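1. Quick one: sequence plus predicted model below, questions after.
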Amino acid sequence: MPSSHPEFISLICAELIRLGPDSLLDVGCGNGKWGFLAREYMDVYRARWARDKQSRIDAIEIFAEYDSELLRAIYSNVYIGDALEVLPTLGHYDAAVCGDMLEHLPRDAGERLLGLLTEHCEVAWVTTPVKWFPSRDWFGNEAERHRELWTAEQLGYYGEVVTGEVLHLLTI
């Protein structure tokens, strides 16, 4: 579904405040939750109007049907396409969020995405479920199906992992 579990929202938002990035990429933005929160803590929290979009907050979304006026209002840019193809064309970001998206990729594609995040971002937060559960094609989106379960040990190769009740949080 074009949403993600809220387990690590407060931790990631606190890191946005602490680090104060000027640019952020939301990989697999769905309905735009992370973009909205990033706009709050990267602009509004710094006493800047959200509507002015002074921070660059971009999104990649594979499913064009999720594109909306809401996403266009939140994000500086919305790129429709496969993150593995789009991300290499975008340059560098201070931060990235990839919320509950990694499990939708086959293992090799997930590994490539983690490598790209490492190359293109100073810091990236990746959340993925702790336990396997099947997922259907929400809203006709084939990309919504779960394909891989990542363990804390597998994620640990890429950075620091915190395991919660529902999600792993990888910080790259």
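-> Structure's in. What do you need? Residues are numbered from 1 along each chain as shown.
2. just for the protein, where's the confidence low?
-> Counting by pLDDT under 70, the chain contains low-confidence residues at 1-3.
3. And the helices in this protein?
-> Remark: helices assigned in the chain by DSSP state H are 9-19, 33-42, 69-74, 83-86, 107-120, 152-156.
4. right, so those helices: which one is the most enclosed?
-> Burial of the helices of the chain is given as mean neighbour count (mean count of other Cβ atoms under 10 Å); helix 33-42 ranks first at a mean of 22. Yep, even glycine has a C-beta here, placed from its N, CA and C like the rest.
5. Contacts for that helix next, please.
-> The contact list for helix 33-42, computed with Cβ atoms under 8 Å, 6 or more residues apart in numbering, reads 3-4, 9, 12-13, 16-17, 20-22, 24, 26, 29, 50, 53, 55, 57, 59, 71, 74-75, 97, 99.
6. I'd guessed residue 78 sits against residue 28; true?
-> No: no contact is recorded between residue 78 and residue 28 when judged using Cβ atoms under 8 Å, the distance being 12.0 Å.
7. of these two, who's got more company?
-> More neighbours surround residue 28 than the other of residue 78 and residue 28, with 24 against 19 (other Cβ atoms under 10 Å).
8. now the helices of the chain as CSV including distance to residue 164?
-> Listed next are those as CSV, based on distance: least, Cβ to Cβ, whole Å:
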stretch, distance to residue 164
helix 9-19, 9
helix 33-42, 17
helix 69-74, 26
helix 83-86, 24
helix 107-120, 19
helix 152-156, 11
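9. what sits in contact with each of residue 78 and residue 28?
-> Once Cβ under 8 Å, 6+ apart is applied, the residues that residue 78 and residue 28 both contact turn out to be residue 61.
10. OK, contacts around the residue nearest the centre of the chain?
-> Nearest to the geometric centre of the chain sits residue 98, at 2.2 Å (Cα atoms, centre = their mean). Residue 98 makes contact with 26-28, 113, 117, 124-127 under the criterion Cβ under 8 Å, 6+ apart.
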